[in-house]
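K.L.:
just a sequence and a predicted model for now, questions to come.
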Amino acid sequence: MKNIQNLIRKISELNAANLFDKDFLLTWEKSENDLKQILLIAETLKEMRDNNISPKVFDSGLAVSLFRDNSTRTRFSYSSAASLLGLSVQDLDEKKAQIAHGETVRETANMISFLTEAVGIRDDMYLGAGEAYMREFGDALTDGYNQGVLPSRPTIVNLQSDVDHPTQSMADLQHLIKHFGGLDKLKGKKIAVTWAYSPSYGKPLSVPQGIIGLMTRFGMNVSLAYPENYNLIPEVEKIAAKQAKENGGSFEITDSMNHAFKDADIIYPKSWAPYWVMGKRTELLRNNDHSGLKELEQQALAENAKHKSWEVNEDMVNLTKNKNALYMHPLPADISGLNCENGEVTNEIFERYRIETYKEAGWKPYIIAAMIFAGKFKNPSETLENILKRNQKRISG
Amino acid sequence: MKNIQNLIRKISELNAANLFDKDFLLTWEKSENDLKQILLIAETLKEMRDNNISPKVFDSGLAVSLFRDNSTRTRFSYSSAASLLGLSVQDLDEKKAQIAHGETVRETANMISFLTEAVGIRDDMYLGAGEAYMREFGDALTDGYNQGVLPSRPTIVNLQSDVDHPTQSMADLQHLIKHFGGLDKLKGKKIAVTWAYSPSYGKPLSVPQGIIGLMTRFGMNVSLAYPENYNLIPEVEKIAAKQAKENGGSFEITDSMNHAFKDADIIYPKSWAPYWVMGKRTELLRNNDHSGLKELEQQALAENAKHKSWEVNEDMVNLTKNKNALYMHPLPADISGLNCENGEVTNEIFERYRIETYKEAGWKPYIIAAMIFAGKFKNPSETLENILKRNQKRISG
Amino acid sequence: MKNIQNLIRKISELNAANLFDKDFLLTWEKSENDLKQILLIAETLKEMRDNNISPKVFDSGLAVSLFRDNSTRTRFSYSSAASLLGLSVQDLDEKKAQIAHGETVRETANMISFLTEAVGIRDDMYLGAGEAYMREFGDALTDGYNQGVLPSRPTIVNLQSDVDHPTQSMADLQHLIKHFGGLDKLKGKKIAVTWAYSPSYGKPLSVPQGIIGLMTRFGMNVSLAYPENYNLIPEVEKIAAKQAKENGGSFEITDSMNHAFKDADIIYPKSWAPYWVMGKRTELLRNNDHSGLKELEQQALAENAKHKSWEVNEDMVNLTKNKNALYMHPLPADISGLNCENGEVTNEIFERYRIETYKEAGWKPYIIAAMIFAGKFKNPSETLENILKRNQKRISG
């Protein structure tokens, strides 16, 4: 209880936070205080639930989910967050909707939002499209609200776009805070964000982009490693470099996994499809060019196969600080000898950190809930204070 | 607050309303007081929510949804209504159910209703089928309730049948009431319900039928216009004529869009597939006659193409009362130059009324909630009074 | 009210019940007191709801559903139970999830459970697989809980496996208790659990197995009848025989439907695919052997066709005690002349008992709710007592 009160006090001290009535699309658009507020609210909500205090603030209302790509973790995290706050999830399944009819985004956005508090969107397949879609959706909501169509402005939560995956990166950051004992303790820590081999292709860029775009905010030394031509969206790499400079950390790009792992406190190895492949793929998907897509897949897989050595194993971990850097992964991982022959990480190493990666994932529901909360309540610390006072139990009886 | 109390008082004065334990399938089966009660409850529920008073009356229970055709607006309206009243939506997806096994309707109806308060059904594809299905479903519920299988009689809400679309027409009526300042102000107003060109075919008849079946109840002058052979279900046209006579308005059928638009206060132009096409289509669908269906589609599209001039543009609007009749549409519209080359309405005209059509749609969640409410509470004004007294907040904190 | 208090008192007297933090997979793993507790809680929850007392104990949280086979009844029963207790259903649709990616069961189990209270699983297609899957899932949850990943241990409810269908058999038992006036009244009653003809094939074994595995616990005389080679899983037949011996009833296997029906108090005739067919089918499904599957289907249907006389008709019912044994069926039934030419039961007989079978099904939501309740509350009678005291209304207003 005392811990909860401390957390609320800290939130109340973050005067400049500016998340009310806003969407959460990119971490690098948000101020440091905005991010701190999300982290603190997430922690408060978790503490409340762990202490059987219900933070249900909505007596009714919808949390719309729109998944344009498969999802387990994020779907369940979103549902969990909605339930915790008192919202009913309604899925916008574009196959069952009239959207194919040529309905405009601005119309859909308004039509589903008359009693809606939050809209979670995953749209990560098409480079240049996901982020743009969310913006267009958000503009339509703002317009609908301003014109008196909507009684309030629902908050969009980016559940993964082509550019960023903020619910993942913020959950990861919360995990690091818990692991190292505070946000300030991350200053000067080295994190290796590296490509890793996978027998599949076409994995989105948003996770590594999200990580370098967030961890460069807090004075960390971020080492991004990938084989030649496996770069991320250039603009995002530039943002990371700029942020590192501004926040007293560093950012480097290397083509050596070993170099990145050297003395790292944290390792975040994950496969992705190179920027040029994602760009090409987007073009081919748009043109419905099936043979072109097949050809690209072959080409990309052949390219990947040249880099099977980009695997986390005992030798690699031995390069890290005290031979025991914290291993992170958004899951599911490609685990050599478990769900594939050669993958991102050996079974041995993954098993050692498996429970840690599960705990990492466990923050996501609370991060999402915090993003909705901050978007919907003007004065979050006051609202949390009131929740504490009313003392409604999550489980009664 | 005073407004809410006024609304509740008005509801309490509608003594003859008879909606308790009944389904809502066709507006023309309901008395004038029944319809007024729905409109007033809808408005009350909206006012309550707008004033942060939660009208949640169910602490648990299901709102079943059964969509046999695609839906965005109505699906979300139904979910929103369910959430507002405290019900959990459970979709009856016939593909994932055992219904293909030859399960009878009477059995399905009972099996899904042990803890169910409302069943929303959309079944508009087959002429002569949707309405019949809802009746059969309702009879089974009544039987199950009478025989002690069900603890209460769930209320069926017609979310669009082959005959009527009452949640649409009632939301439209509520929009008109707000626009013109009262139900009594609609007396003598001219509404043009007209066919309009669309590059697609097979659009249901239920919307225009719903509109002529409802607006002839309140002394309006209804002008129904369509090209030769594009008539609606003849029985419904007859009902509209009869109602107009009984209620001091008028009803005419014309084959001139211009004639209908002349001095109209309201224009409601919308494409539909003619009665004979829908009948033929039903037969072909039943016989799984794919080549026949393709042929019919070609024939119907060719027929449609002869009537491209049935488009709402500036010239057409200039025919209306003061050149600015209220444009209405259930959405999504076929908008020339926006989502099709030639459609029901020019982009310019649609844009002028776009926000109005969104507001029109915004009443649907409340109309649905009101239909459930009236079906489940014997004395709605008393129940609303109690909700007002208990003063539970929709958003707390 | 007095009845509810009596029920709660009875629950409080079942000291040895041991369901807290456990899954409910097989009735024969549970003690007699465990089963009695479930039955009494189910009855209490139903009485409470019937008296407008809300047993909502969760203010938020997920009830995950995972259906690997079609379902209507059980899906709606599960949803209803979840709603009654205050949980939001989130479906784990493996097609929309990342599970195809080679994600492990242990990972999925944890990823969906951070704020989850219950997981309902139907997995009845593959012999030897469903039960195993649920165990693996449960072990992962236990591990996740022990390792601090999960804040509590969600309860798995077996919604039908290859081995048992406990929510069905327990609902059936509750129906028998109500019909005969008490659990003790079942002692010495004869129940005929028999195969019956169906024009389809591949129906799971779990229902007849569930019935013989449960009814032999309470001193009933269970007569299991099927044509030669239509046996159930041998181990389950052995368990039934052993239990009958231990509990003062009897268990016999016969190849004569007439013999089983002779003087039966209860008849439970239902089609199933023989053990060897299910085994073969599992193998063929695993190998994706489509022609083999087609062949097996032909063979099995031809075999079935030899036993069309295994149909419940007037003559058969006349063999039973006072010519009016209670007919039971999990539904939907294959009804001769209604949804098939020849089936499990004549239309005449089915119609006579139809309402009874609906009431039988009506217990399932409460049985499921009771299983979740018993899994999540250490002291169910105390919790129920508190619910009674707080007197929250299910329907207010």
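P.N.:
Right, received. Where do you want to start?
K.L.:
can you tell me how far residue A:4 is from residue C:149?
P.N.:
Per C-beta to C-beta, to the nearest Å, residue A:4 is found 22 Å from residue C:149. Using the backbone N, CA and C atoms, a C-beta is placed for each residue, glycine as well.
K.L.:
same question for residue A:215.
P.N.:
With the distance defined as C-beta to C-beta, residue A:215 ends up 24 Å from residue C:149.
K.L.:
quick one: which of residue A:4 and residue C:149 has more around it?
P.N.:
A direct count of neighbours by other C-beta atoms under 10 Å in any protein chain shown for residue A:4 and residue C:149 places residue C:149 higher, at 24 against 21.
K.L.:
can you list the residues of the stretch 101-250 of chain A near chain B?
P.N.:
When proximity is defined by C-beta under 8 Å from any C-beta of the partner chain, the stretch 101-250 of chain A lies next to chain B at A:101-104, A:107-108, A:110-112, A:114-116, A:144, A:147-151.
K.L.:
what's around the nearest residue to residue A:263 once chain neighbours are set aside, how many residues?
P.N.:
In space, and not counting its chain neighbours, residue A:263 is closest to residue A:321: 5.1 Å by C-beta to C-beta, 6 or more residues apart in numbering or on different chains. Using other C-beta under 10 Å, residue A:321 has 16 other residues around it.
K.L.:
check what pLDDT residue A:321 gets.
P.N.:
According to the prediction, residue A:321 has pLDDT 98.
K.L.:
residues in contact with it?
P.N.:
A:190, A:263, A:264, A:265 (C-beta atoms under 8 Å, 6 or more residues apart in numbering or on different chains).
K.L.:
which of the residues you listed sit farthest apart?
P.N.:
Farthest apart among those by C-beta to C-beta are A:263 and A:265. That separation is 7.9 Å.
K.L.:
for chain A, which residues score under the pLDDT cut-off?
P.N.:
Across chain A, the ranges flagged by pLDDT under 70 are A:96-102.
K.L.:
can you list the domains in it?
P.N.:
Residue ranges for the domains of chain A, per automatic domain parsing: A:2-164+A:364-390, A:168-361.
K.L.:
mind checking how far the shortest one is from the chain centre?
P.N.:
With C-alpha atoms, centre = their mean, to the nearest Å as the basis, domain A:2-164+A:364-390 stands 13 Å off its chain's centre.
K.L.:
anything in it near chain C?
P.N.:
Yes - using C-beta under 8 Å from any C-beta, domain A:2-164+A:364-390 comes into contact with chain C via A:49-50, A:54, A:56, A:67, A:70-73, A:75-77, A:79-80, A:82-86, A:88-89, A:364-365.
K.L.:
among the residues you listed, which are in helices?
P.N.:
Using DSSP state H, the subset of these located in helices is A:49-50, A:73, A:75-77, A:79-80, A:82-85, A:364-365.
K.L.:
between the residues you listed, which is nearest chain B?
P.N.:
Distance to chain B, by C-beta to the nearest C-beta, is smallest for residue A:85 among these, at 9.9 Å.
K.L.:
and the closest one, how far is that from residue C:194?
P.N.:
For residue A:85, the distance to residue C:194 - C-beta to C-beta - is 52 Å.
K.L.:
the residue nearest to residue A:263 and chain B: what is the separation?
P.N.:
Per C-beta to the nearest C-beta, to the nearest Å, residue A:321 is found 43 Å from chain B.
K.L.:
now swap in residue A:347 and tell me
P.N.:
According to C-beta to the nearest C-beta, residue A:347 and chain B sit 36 Å apart.
K.L.:
which ones are touching the spatially most central residue of chain A?
P.N.:
Geometric centre of chain A, nearest residue: residue A:168, 2.5 Å, by C-alpha atoms, centre = their mean. Applying C-beta under 8 Å, 6+ apart to residue A:168 gives the contacts A:74, A:160, A:206, A:207, A:210, A:330, A:364.
K.L.:
10 Å instead, please
P.N.:
By C-beta atoms under 10 Å, 6 or more residues apart in numbering or on different chains, the contact list for residue A:168 reads A:73-74, A:77, A:159-160, A:206-207, A:210-211, A:214, A:330-331, A:360-361, A:363-364, A:367.
K.L.:
for the stretch 151-300 of chain A, what lies in contact range of chain C?
P.N.:
Counting by C-beta under 10 Å from any C-beta of the partner chain, the residues of the stretch 151-300 of chain A close to chain C are A:199, A:200.
K.L.:
just want the residue of the stretch 151-300 of chain A that's nearest chain C.
P.N.:
Nearest residue of the stretch 151-300 of chain A to chain C, counting by C-beta to the nearest C-beta: residue A:200, 7.8 Å away.
K.L.:
any idea how far the closest residue to residue A:310 other than its chain neighbours is from residue B:307?
P.N.:
Of all residues not flanking residue A:310 in the chain, residue A:197 sits nearest, at 4.7 Å (C-beta to C-beta, 6+ apart). Counting by C-beta to C-beta, the gap from residue A:197 to residue B:307 is 61 Å.
K.L.:
same check, this time on residue A:54
P.N.:
As judged by C-beta to C-beta, residue A:54 and residue B:307 stand 59 Å apart.
K.L.:
ok, back up a step: could you pick out which of the ones in helices among the residues of domain A:2-164+A:364-390 next to chain C are near chain B?
P.N.:
residue A:85.
K.L.:
any chance of the ones in helices among the residues of domain A:2-164+A:364-390 next to chain C in a markdown table, plus neighbour count?
P.N.:
Listed next are those as a markdown table, based on neighbours: other C-beta atoms under 10 Å in any protein chain shown:
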| residue | neighbour count |
| --- | --- |
| A:49 | 24 |
| A:50 | 13 |
| A:73 | 25 |
| A:75 | 26 |
| A:76 | 25 |
| A:77 | 29 |
| A:79 | 28 |
| A:80 | 27 |
| A:82 | 30 |
| A:83 | 28 |
| A:84 | 29 |
| A:85 | 25 |
| A:364 | 28 |
| A:365 | 29 |
